[in-house]
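1. kindly return the folded structure for what I paste below:
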Amino acid sequence: MSFASMLRHTCTVQKCTYTQNATTLEMGESWANYATGVKCLINAYSGGRKDQRDDVVYSITHVMFVETLSYLNWKEYRIVYGSDTYTIVGIEDAGGQSHHQELFLSLVK
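-> Next up is the predicted model:
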């Protein structure tokens, strides 16, 4: 069985941009679809792992496997799967030599 055949789910990768409110002049986040129909495998994560990003501590709730997405980073992107949105907490080169990535995700509530 090939790795690609194990990716039985699809998700959307969204990218953040910052826009300024014309009235208040405050900067705000805006998310837009960057890639749709991305093949993946997502599962609940029960390892109790936590990570900190920009002074926020995230509990990892899910783990996702994808073929290597060279553009992906935790600061600018997030994942949408079904009706759920996830913050990317960590990215690991799981297969070695850029074979595939393991994403550690935190469910946005």
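2. double-check that Ser5 belongs to a helix.
-> Yes: assessed by DSSP: H, G, I helix; E, B strand; the rest coil, Ser5 belongs to a helix.
3. next one: the residue lying farthest from the centre of the chain from Ala32, what distance?
-> Farthest-out residue of the chain from its mean C-alpha position, per CA atoms, centre = their mean: Thr23, at 31.6 Å. According to CB to CB, to the nearest Å, Thr23 stands 22 Å off from Ala32. Yep, even glycine has a C-beta here, placed from its N, CA and C like the rest.
4. also Val57?
-> From Val57 over to Ala32 (counting by CB to CB), the distance is 27 Å.
5. could you do Tyr45 as well?
-> Where Ala32 is concerned, Tyr45 sits at a distance of 27 Å (CB to CB).
6. these two: which has the busier surroundings?
-> Tyr45 (17 against 8; other CB atoms under 10 Å).
7. ok, the more buried one touching Met64?
-> No: judged on CB atoms under 8 Å, Tyr45 makes no contact with Met64 at a distance of 9.4 Å.
8. please enumerate the shared neighbours of those two.
-> Leu105 (CB atoms under 8 Å, 6 or more residues apart in numbering).
9. can you read off the pLDDT for Tyr58?
-> Here, the pLDDT recorded for Tyr58 equals 86.
10. quick one: it is in a strand?
-> Yes: looking at Tyr58 with three-state DSSP, it is inside a strand.
11. next up, the contacts around the residue lying closest to it once chain neighbours are set aside.
-> Excluding the flanking residues, the one nearest Tyr58 by CB to CB, 6 or more residues apart in numbering is Ser106, at 4.0 Å. Taking CB under 8 Å, 6+ apart, we find Ser106 in contact with Tyr58, Ser59, Ile60, Thr61, His62, Tyr86, Thr87, Val89.
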